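[1] Need a 3D model of the following:
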Amino acid sequence: MAGSCYLTADEYRGPQATGEWRGILVLNEVLDGDFDICEVSLSYLCIRYEGMSLDRYVKKHSGKRWA
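    Modelled structure (predicted):
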């Protein structure tokens, strides 16, 4: 899997750039080329592993607002 993730609203990306889905894809029950896709959002990951909302996390670590 390859991709990128922007956590802040950077000016150069323009207003349309804040609408993409952000998260990871997990492939479950992989067997002979078949699998089930599980979408896991960055919001969920942040609450689960950092114990805070994604907005709060981004502000704390970058001083910027969540994109």
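
[2] So which residues of this protein form strands?
    Remark: strands assigned in the chain by DSSP state E are 23-31, 34-41.

[3] out of the ones you listed, nearest to residue 14?
    Nearest of the strands of the chain to residue 14, taken as C-beta to C-beta: strand 23-31 at 21.5 Å. Just so you know, the C-beta spots here come from the backbone N, C-alpha and C atoms, and that holds for glycine as well.

[4] In terms of secondary structure, what does that closest one contact?
    Applying 3 or more C-beta pairs under 8 Å, 6 or more residues apart in numbering; DSSP states H and E, we find strand 23-31 packed against strand 34-41, helix 42-50.

[5] Going by contacts, tell me the helices and strands next to the first one.
    By that I understand strand 34-41. strand 23-31.

[6] follow-up on the earlier one: looking at the helices and strands packed on strand 23-31, which is nearest to residue 7?
    Residue 7 sits nearest to helix 42-50 of all the helices and strands packed on strand 23-31, at 7.7 Å, using C-beta to C-beta.

[7] Packing partners of that closest one?
    strand 23-31, helix 54-62.

[8] tilt between the first one and strand 34-41?
    Relative orientation of strand 23-31 with respect to strand 34-41: 160 degrees, computed using axes from the mean of the first three to the mean of the last three C-alpha atoms, to 10 degrees.
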